[in-house]
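pasting the sequence and the predicted coordinates here, then a few questions.
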Amino acid sequence: SQKIEQNSEALNIQEGKTATLTCNYTNYSPAYLQWYRQDPGRGPVFLLLIRENEKEKRKERLKVTFDTTLKQSLFHITASQPADSATYLCAPRRGSGTYKYIFGTGTRLKVLA
Amino acid sequence: ETGVTQTPRHLVMGMTNKKSLKCEQHLGHNAMYWYKQSAKKPLELMFVYNFKEQTENNSVPSRFSPECPNSSHLFLHLHTLQPEDSALYLCASSQDRAGTWEAQETQYFGPGTRLLVL
């Protein structure tokens, strides 16, 4: 069955450093992959979408890579700030024709001042 | 705010009660979704509606009954729930057929309803 794996352990990093979060998927080939941020008691907020033919995508301090050979996406936050502390969800999706979004359990990031 | 509202934000109900969750989106989207988020588990897609028509039911028990009277409103009717149904229920919407490709795939989530079944 399709499986998404994200670091289940919380990630603590010092302010100013680069945070790197990992998303691994098995048993399918997503056409694209999304990353969301979720704060406690709130719904997820869309951050970035990357397609299978894109190796890397950037938005301000955020960078996402998508390696279809390794079946892995990496999510980087450079110059991290305490306000970046949240849970980050990975969501690979199949191609058109289905609405099936498969979310990972998320990785909780804490940026220490 | 994301433009998607959900009421109530918190709900406690007994197993014999009947209640409804409401979702409203003010974004002009045509697709709406219900998700369930339990502790330590990933988001689970429950139902999808597109232009008021249900396009996906992800093997959800019949004690959950969705209703989509128009593209802006989505309900989840609950009856005879079990304690294991306690979770955060999230509504989302997206623009399925217009705009950029990325805009079509972006989902906007509401704040969720925290449900506790006793």
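Sure, I can see it. Numbers count the residues shown, from 1 in each chain, chains lettered A, B, ... in the order given.

residue numbers of chain A in contact with chain B?
A:4, A:32, A:34, A:41-46, A:49, A:89, A:91, A:93, A:98-106 (Cβ under 8 Å from any Cβ of the partner chain). (Each C-beta comes from the backbone N, C-alpha and C, glycine too.)

kindly recompute the last result at 7 Å.
With Cβ under 7 Å from any Cβ of the partner chain as the criterion, chain A meets chain B at residues A:4, A:42-46, A:49, A:99-101, A:103-105.

quick one: which of those has the most company?
Sorting the residues of chain A next to chain B by how many neighbours each has (other Cβ atoms under 10 Å in any protein chain shown) puts A:Pro44 first, at 28 neighbours.

from what I see, that residue and A:Tyr88 are in contact.
No: A:Pro44 is beyond contact range of A:Tyr88, at 9.3 Å (criterion: Cβ atoms under 7 Å).

need the pLDDT of whatever residue of chain A ends up closest to chain B.
Proximity to chain B, evaluated over chain A using Cβ to the nearest Cβ, is greatest for A:Gly43 at 3.0 Å. pLDDT for A:Gly43: 94.

how about it, phi and psi?
Dihedral pair for A:Gly43: phi -80, psi 160, per degrees, to the nearest 10.

what's the closest non-adjacent residue to it?
B:Phe109 (3.0 Å; Cβ to Cβ, 6 or more residues apart in numbering or on different chains).

for that neighbour, give me its contacts.
Neighbouring residues of B:Phe109 by Cβ atoms under 7 Å, 6 or more residues apart in numbering or on different chains: A:Gly43, A:Pro44, B:Thr2, B:Val4, B:Leu90, B:Ala92.

partner residues bridging it?
On the basis of DSSP bridges, B:Phe109 is bridged to B:Ala92.

any idea how far B:Thr2 is from it?
Distance of B:Phe109 to B:Thr2, given as Cβ to Cβ, to the nearest Å: 6 Å.

residues shared between the contacts of those two?
By Cβ under 7 Å, 6+ apart, the residues touching both B:Phe109 and B:Thr2 are A:Gly43.

pretty sure A:Lys57 is touching A:Ile50, no?
Yes: checked against Cβ under 7 Å, the pair A:Lys57 and A:Ile50 is within contact range at 4.6 Å.

out of these two, which sits in the more crowded spot?
A:Ile50 (22 against 16).

state the helix or strand in which that one lies.
For A:Ile50, the element it lies in under DSSP states H and E is strand A:45-51.

re earlier: what's the closest of the residues of chain A next to chain B to B:Pro69?
Nearest to B:Pro69 among these is A:Tyr99, at 19.9 Å by Cβ to Cβ.

strands of chain A, residue ranges please.
With DSSP state E as the criterion, chain A has strands at A:3-6, A:11-14, A:19-26, A:32-38, A:45-51, A:56-59, A:62-67, A:72-77, A:86-93, A:107-112.
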